[in-house]
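>>> Quick one, what's the 3D model for this:
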Amino acid sequence: MTTALDTLKAGGFSIGLEAPLDHDWTPAGEASRRLSGRLPGEPDLQQHADLACLADHLGFRALWVRDVPVYDPNFGDAAQVFEIFSYLGYLAGITRDILLGTAAVVLPLREPLLTLKSASTIQHLSHDRLLLGVASGDRPVEYPLFDRDFASRGAAFREQIALLRDNARAQLPPGLAMLPRPPSALPLLVAGLAQQTPEWIGAHMDGCLAYPGTPDDHLHRAAAWRRVAGDKPYISFIHLDLVEDANAPLHRFRFGARTGRHALIEELRALHASGVHHIGLHLRRNTRPLDETLREIAEEVLPHFHAESCKETHRGENEDETQTYCVS
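Residues are numbered from 1 along each chain as shown. This is a model prediction of the structure:
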């Protein structure tokens, strides 16, 4: 059986997208936000479903969503706004092939049994397309709101990983069970160290969600990850502004770059060579229309990296926090 992790790594390197699918961090996007009365960091979601379906149709490997329970003006980023598991259920219903990833669910804020039930539900509804990224959280303001202790979040994280791993069998009284049972083991990816040691993370997690960086940054981070986790997936993200001029050179900015497609291809090749298995493109700084940008990437960039056989295999099956890197 081909799992979501197998699909993610097929061909050695793959490219996905990070929600929200809006370019609200551009001057035009900011003007639109002010006109509509949206909060700073609140994206325009009018086209979110159409763009998710387009990304699925065009062959992007994964769509990543974030867990931001409460809008905090000090952070100024509402992510994709929707509650993460509710949104994943919706996306599972309107897409067919694209993997659905969380980057990342803050486990200690959530009721453990309901988190398990939600994740297992998404696994079923999506036909095994869920990639469950998890974290311990880095926003102390949220913890009192949920009556959780910020200082003990590391211990709570370990307990919830154990519960997710055994489908709560050790936590439930005899005769009780948690349904639906996941069709396969839930793939657990970690953002940051989650208050754990690198060795614990490498042994207990299935993959790493690393903060954006340059190929040189990832060369060191991915090597550190491999020392404790072997060849488990190493995943990261790029803030991308893809310009019309295909030959435009790459100009770096914080967490990403403004570039033409030829330099983007070389950057992605360098990231692959540095040990990255998957890159999620974050397009909130992208100045061009997103549908146009997605089509150009799909037509001119994805063929350099994606194995067509992976998409065909997956299609057939369907028919039946501020942390700089994973380990240091």
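>>> okay, now Tyr231: neighbour count?
Small correction: residue 231 is Asp, not Tyr. Applying other CB atoms under 10 Å, we find 10 residues neighbouring Asp231. Where you see a C-beta, it was placed from the backbone N, CA and C, and this is true even at glycine.
>>> that's a helix at it, yeah?
No. Asp231 is assigned coil when assessed by DSSP: H, G, I helix; E, B strand; the rest coil, not a helix.
>>> Strands of the stretch 201-328 of the chain, start to end?
Per DSSP state E, counting those that start in this stretch, the stretch 201-328 of the chain carries strands over the ranges 207-209, 234-242, 251-253, 256-259, 278-282.
>>> will you turn those strands into CSV that also has mean neighbour count?
CSV is the format used below for these (neighbours: other CB atoms under 10 Å):
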stretch, mean neighbour count
strand 207-209, 28
strand 234-242, 24
strand 251-253, 11
strand 256-259, 21
strand 278-282, 24
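>>> Any chance of CSV for the ones you listed, columns distance to Ser36 and mean pLDDT?
CSV is the format used below for the strands of the stretch 201-328 of the chain (distance: least, CB to CB, whole Å; pLDDT from 0 to 100):
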stretch, distance to Ser36, mean pLDDT
strand 207-209, 31, 98
strand 234-242, 22, 98
strand 251-253, 26, 97
strand 256-259, 25, 98
strand 278-282, 21, 98
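>>> And what about the residue nearest to the spatial centre of the chain, helix, strand or coil?
Nearest to the geometric centre of the chain sits Trp64, at 3.3 Å (CA atoms, centre = their mean). The assignment at Trp64 comes out as strand when based on three-state DSSP.
>>> again, but for the one 3 residues further on
Secondary structure assignment for Asp67 (three-state DSSP): coil.
>>> hmm, back to that, the residue nearest to the centre of the chain against Leu21, yeah?
No. Between Trp64 and Leu21 there is no contact under CB atoms under 8 Å: 10.9 Å.
>>> picking up where we left off before, if the residue nearest to the centre of the chain is in a bridge, with which residues?
On the basis of DSSP bridges, Trp64 is bridged to Glu18, Gly101.
>>> quick one, what contacts it?
By CB atoms under 8 Å, 6 or more residues apart in numbering, Trp64 lies in contact with 16-19, 101-103, 133, 237, 280.
>>> any idea of the pLDDT on the residue lying closest to Leu51 once chain neighbours are set aside?
Using CB to CB, 6 or more residues apart in numbering and skipping residues adjacent in sequence, the residue nearest Leu51 is Leu21, 4.0 Å away. For Leu21, the pLDDT comes out at 97.
>>> Report the contact partners of Leu21.
By CB under 8 Å, 6+ apart, the contact list for Leu21 reads 47-48, 51-52, 55, 283, 290.
>>> ok, the residues you listed vs Ala28, which is closest?
Leu290 (12.0 Å; CB to CB).
>>> what sits against that closest one?
Counting by CB under 8 Å, 6+ apart, Leu290 makes contact with 21-23, 47, 51, 283.
>>> Now for these: which two are most distant?
Pairwise distances across those peak at 12.0 Å for Gln47 and Leu283 (criterion: CB to CB).
>>> Which residues are in contact with each of the two?
What both Gln47 and Leu283 touch, as defined by CB under 8 Å, 6+ apart, is the set 21-22, 290.
>>> Which of those sits closest to Met178?
Leu21 (32.7 Å).
>>> so Val243 touches Glu292, yeah?
No. Counting by CB under 8 Å, Val243 stays clear of Glu292, with 11.5 Å between them.
>>> Looking at the two, which one has more neighbours?
Higher neighbour count among Val243 and Glu292: Val243, with 18 against 12, using other CB under 10 Å.
>>> thinking again about what came up before, turn the shared contacts of Gln47 and Leu283 into a markdown table, including distance to Leu91.
Below are those laid out as a markdown table (distance: CB to CB, whole Å):
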| residue | distance to Leu91 |
| --- | --- |
| Leu21 | 11 |
| Asp22 | 15 |
| Leu290 | 16 |
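>>> Let me know the closest of the residues you listed to Pro198.
Ranked by distance to Pro198 (CB to CB), the shared contacts of Gln47 and Leu283 are led by Leu21 at 33.4 Å.
>>> how near is the closest one to His282?
Here Leu21 is placed at a distance of 10 Å from His282 (CB to CB, to the nearest Å).
>>> cool, Pro249 as well?
The gap separating Pro249 from His282 is 20 Å, by CB to CB.
>>> How about Leu99?
The value you get for Leu99 to His282, if CB to CB is used, is 16 Å.
>>> got the CA positions of stretch 50-63 in CSV?
Coordinates of each C-alpha in stretch 50-63 appear next as CSV, following Å, rounded to 0.1, in the frame of the first residue of the first chain:
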residue,chain,number,x,y,z
ASP,A,50,-11.0,27.3,-6.7
LEU,A,51,-7.3,27.7,-6.1
ALA,A,52,-7.1,24.5,-4.0
CYS,A,53,-8.9,22.6,-6.8
LEU,A,54,-6.6,24.1,-9.4
ALA,A,55,-3.5,23.1,-7.4
ASP,A,56,-4.8,19.6,-7.2
HIS,A,57,-5.5,19.5,-10.9
LEU,A,58,-2.1,20.9,-11.8
GLY,A,59,-0.2,18.2,-9.9
PHE,A,60,1.2,20.1,-6.9
ARG,A,61,2.1,17.3,-4.4
ALA,A,62,0.8,18.8,-1.1
LEU,A,63,-1.3,21.6,0.4
